[in-house]
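Novice: Kindly return the folded structure for what I paste below:
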Amino acid sequence: MTTETHTVDDEQFEEKLLRVDPATLVVGANVRLDPRLRKSYVKNIAERGVKEPVIAYQDDEQRLVVLRGQRRTLAAVQAKRPWVRVLVVAQPNEADRLTDQVNENDHREPLTVAERVAAYEQLALCGVPAGEIAKRMSAPRPVVEKALQIARSALARGATQRWEFLTVDQAAVIAEFEDDGEAVKQLVVAAQRGGFDHHAQQLRDARADAAAKAEATAALTAAGITVVDPPGWHNETVKRLSELKQGEEQITEDNHASCPGHAAFLDDDWVDPNEDESEEDEPEDEDDPWGEDTEADEGTEPSEPAGPYRVWLPEYVCTDYAAHGHTLRSRGYDSGTGRKNAAEMTDPEREKARAERRDVIQSNKAWDSAETVRRDWLRTFLTRKNAPKTAAGFLAGSLARADHAITSALTGGNSLGHDLLGLPDQAPTYGRRATAMVELVGKASDDRGQMIALGLVLAAYEDATSRNSWRRVSDSTARYLRYLEANGYELSTVELRACGEAPLPAVDQAAPSSLLA
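Specialist: Below is the predicted model:
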């Protein structure tokens with residue numbers, strides 16, 4: 001075995017470390033054709049300076065030519081730094097220059113989420129507040145706050161160390177669910193397979209739903225009412241009070257309260273506070289047959305109507321109707337629809353009906369969750385200064401189609417557009433000019449103005465969506481959702497159904513052993 005030896009030239013170049021005005025440096029040839037100077041990077045250089053020396057050589061005219069440190073130099077010039085450290089080395093041959101510049105970039109490894117979280121945590125332990133950490137790192141404060149949230153969760157911190165594909169946002173959601181091991185497993189799988197934001201929102205909604213149900217259950221229990229599971233229509237013992245009578249008298253919650261079988265199960269429903277009063281009950285103003293508020297012009301804005309909200313409502317039952325002397329009311333036939341009631345169905349028909357009902361319930365819930373994710377995405381998307389290149393075509397197409405969603409928004413004030421564009425408290429009333437929006441557009445550049453116009457059109461289509469969107473495919477809704485998808489939004493399964501795609505097979509959210517073993 002022989003050992004290879006390297007000799008050193010007799011005349012070695014003496015390297016020098018200098019402080020140099022970055023504006024005097026010559027940026028030489030570089031394999032990186034575009035320096036890609038992000039604003040956050042320039043801001044960081046402005047506040048913290050250039051810590052790594054720029055590598056340069058001296059040419060025949062005694063100028064310092066940058067070999068490595070192109071981005072540092074240009075950022076320092078933009079940030080108006082008075083000096084940077086420059087390490088002056090011998091001029092390499094062209095092959096060495098290219099090799100060294102490629103290797104310098106190729107062999108860099110960015111920090112992992114776990115390493116970044118640990119660094120932010122150490123800064124916090126040094127007494128540096130989150131706002132100052134964000135300033136030092138030129139990072140958005142919400143990102144820093146999420147990282148510190150991860151640091152406080154042993155489970156989330158461990159997840160970032162184990163699965164490097166997790167982002168800061170995803171790990172923060174895992175911290176949010178650290179007391180629910182099954183949810184964490186599902187989130188890890190979703191982070192790898194896709195659909196993370198939608199699945200996270202579904203878990204949040206399910207958790208809020210369970211809490212509301214528990215609260216409603218506690219209220220019934222406190223009132224001395226037994227809470228039972230919902231009975232199937234084929235249950236021969238437990239029956240809803242609406243199905244029962246005592247003699248010829250209809251059984252109600254009030255006259256059944258003393259029955260030993262009095263109980264209730266909880267069923268979720270939507271309550272619309274605006275349906276409490278029918279139009280027939282409202283007095284007509286003879287002087288104003290169109291229902292306009294004549295006092296609105298004098299500075300009194302009518303309040304926005306409260307929107308529908310979801311509640312858990314009790315459905316009362318008798319747990320053993322026959323034993324307590326009740327009988328079934330006679331079953332009438334459906335008026336002309338030809339539909340069978342549960343008792344008239346065969347077992348396969350009953351199971352099919354149950355499956356369809358489960359699909360409706362789950363898909364409605366999935367749509368509600370997707371709506372939250374979609375509108376949050378829109379709020380972020382609409383902060384862009386420049387509209388996508390495809391915006392003009394989409395806007396022109398939307399105006400040419402004159403979809404009902406567009407015409408309705410134009411005449412109805414487009415309050416959702418105000419919300420998504422950051423003016424939630426300044427939406428116009430029906431038929432009135434949107435002063436705040438007009439001012440916003442008036443102050444905007446042409447590029448930003450096009451983005452605002454796109455936001456108003458997208459909000460119009462969004463406001464026209466509902467739980468019915470996944471059941472009945474609409475060309476305008478599908479076009480809208482596909483445009484969001486083309487600009488980076490990830491459609492959920494129920495949104496794909498709204499686009500006309502067949503339901504996808506249910507994904508097994510159990511984490512594979514390769515992930516969780």
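Novice: where do the strands sit along the protein?
Specialist: Using DSSP state E, the strands of the chain run over residues 16-20, 26-27, 54-58, 64-68, 84-88, 226-227, 239-240, 244-246, 249-250, 262-271, 309-318, 327-328.
Novice: so which of those strands comes closest to E176?
Specialist: strand 309-318 (21.3 Å; Cβ to Cβ). Every C-beta, even on glycine, is put in place using the N, C-alpha and C of the backbone.
Novice: buried sites along that closest one?
Specialist: W312, P314, E315, Y316, V317, C318 (16 or more other Cβ atoms under 10 Å).
Novice: The residues you listed into JSON lines, with extra columns for pLDDT and distance to Q62?
Specialist: As requested, the buried residues of strand 309-318 are exported to JSON lines (pLDDT from 0 to 100; distance: Cβ to Cβ, whole Å):
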{"residue": "W312", "pLDDT": "91", "distance to Q62": "81"}
{"residue": "P314", "pLDDT": "93", "distance to Q62": "89"}
{"residue": "E315", "pLDDT": "93", "distance to Q62": "90"}
{"residue": "Y316", "pLDDT": "95", "distance to Q62": "95"}
{"residue": "V317", "pLDDT": "95", "distance to Q62": "95"}
{"residue": "C318", "pLDDT": "95", "distance to Q62": "101"}
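Novice: Output those residues as TSV; include the columns distance to L491.
Specialist: Putting the buried residues of strand 309-318 into TSV (distance: Cβ to Cβ, whole Å) gives the following:
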residue	distance to L491
W312	30
P314	37
E315	35
Y316	41
V317	40
C318	46
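Novice: Most widely separated two among those residues?
Specialist: W312 and C318 (20.5 Å).
Novice: right, and Y321 touches H262 too?
Specialist: No - contact criterion Cβ atoms under 8 Å: Y321 and H262 do not qualify, at 11.0 Å.
Novice: Just want to know which of these two has more residues nearby.
Specialist: The residue with more neighbours, out of Y321 and H262, is Y321; 25 against 18, by other Cβ atoms under 10 Å.
Novice: Give me the distance between the residue lying closest to that one once chain neighbours are set aside and N105.
Specialist: Excluding its sequence neighbours, the residue lying closest to Y321 (Cβ to Cβ, 6 or more residues apart in numbering) is K239, at 4.7 Å. Using Cβ to Cβ, to the nearest Å, K239 is found at 74 Å from N105.
Novice: between those two, who's got more neighbours?
Specialist: K239 (23 against 12).
Novice: show me the contacts for that one.
Specialist: P231, V317, C318, Y321, H326, L328 (Cβ atoms under 8 Å, 6 or more residues apart in numbering).
Novice: Report the rounded mean pLDDT for the longest helix along the chain.
Specialist: If you go by DSSP state H, the chain has its longest helix at helix 347-381. The average pLDDT within helix 347-381 is 88.
Novice: Which strands and helices lie in contact with that helix?
Specialist: helix 196-222, helix 415-420, helix 446-463, helix 475-486, helix 493-498 (3 or more Cβ pairs under 8 Å, 6 or more residues apart in numbering; DSSP states H and E).
Novice: Kindly recompute the last result at 7 Å.
Specialist: helix 196-222, helix 415-420, helix 446-463, helix 493-498 (3 or more Cβ pairs under 7 Å, 6 or more residues apart in numbering; DSSP states H and E).
Novice: so where's the stretch 401-517 of the chain shaky on pLDDT?
Specialist: Residues of the stretch 401-517 of the chain that meet the criterion pLDDT under 70 lie in 427-433, 503-517.
Novice: What are the buried residues along stretch 25-35?
Specialist: For stretch 25-35, using 16+ other Cβ under 10 Å, the buried residues are L25, V27, G28, N30.
Novice: Please apply the same query to stretch 220-233.
Specialist: Those would be L220, I225, V227, P231, for stretch 220-233 by 16+ other Cβ under 10 Å.
Novice: now swap in stretch 44-57 and tell me
Specialist: In stretch 44-57, counting by 16+ other Cβ under 10 Å, buried: N44, I45, V50, P53, V54, I55, A56, Y57.
Novice: can you check stretch 91-98 too?
Specialist: By neighbour count on 16+ other Cβ under 10 Å, the buried set for stretch 91-98 is Q91, R97.
Novice: And for stretch 359-370?
Specialist: Going by neighbour count (16+ other Cβ under 10 Å), the buried part of stretch 359-370 is S363, N364, K365, A366, W367, D368, S369, A370.
Novice: Now do the contacts for the third one.
Specialist: The one in question is K365. D205 (Cβ atoms under 7 Å, 6 or more residues apart in numbering).
Novice: which residues sit in contact with the closest residue in space to L87 that isn't next to it in sequence?
Specialist: Distances taken as Cβ to Cβ, 6+ apart place P53 nearest to L87, at 4.4 Å, with adjacent residues excluded. By Cβ under 7 Å, 6+ apart, P53 lies in contact with L17, R85, V86, L87.
Novice: what bridges to the nearest residue to the first one once chain neighbours are set aside?
Specialist: Once its chain neighbours are removed from consideration, L17 has its nearest residue in L87; the separation is 5.4 Å (Cβ to Cβ, 6+ apart). Here L87 sits in beta bridges with L17, I55, going by DSSP bridges.
Novice: Number of residues surrounding L87?
Specialist: L87 has 17 nearby residues by other Cβ under 10 Å.
Novice: can you pull the contacts of it?
Specialist: Counting by Cβ under 7 Å, 6+ apart, L87 has contacts E15, L17, P53, I55.
Novice: Going by distance to A171, which of those residues wins?
Specialist: So of those, ranked by how close each gets to A171 (Cβ to Cβ), first place is P53, at 34.6 Å.
Novice: With distance to G488 added, can I get the buried residues of stretch 220-233 in CSV?
Specialist: Formatted as CSV, the buried residues of stretch 220-233 follow (distance: Cβ to Cβ, whole Å):
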residue, distance to G488
L220, 46
I225, 50
V227, 45
P231, 47
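Novice: Sort the residues you listed by pLDDT and name the bottom one.
Specialist: P231 (90).
Novice: burial count for the closest residue to that residue other than its chain neighbours?
Specialist: Counting by Cβ to Cβ, 6+ apart, P231 lies nearest to V238, which is 3.9 Å off, once chain neighbours are set aside. Residues lying near V238 (other Cβ under 10 Å) number 18.
Novice: So V238 sits against Y316, correct?
Specialist: No - taking contacts as Cβ atoms under 7 Å, V238 lies outside contact range of Y316: 11.1 Å.
Novice: What number of residues are in the vicinity of W83?
Specialist: 14.
Novice: ok, now W270?
Specialist: 10.
Novice: Tell me the bridge partners for it.
Specialist: R310.
Novice: Let me see the confidence value for it.
Specialist: 70.
Novice: and the residue nearest to C318 when sequence neighbours are not counted, what pLDDT?
Specialist: Excluding its sequence neighbours, the residue lying closest to C318 (Cβ to Cβ, 6+ apart) is G261, at 4.1 Å. On pLDDT, G261 comes in at 95.
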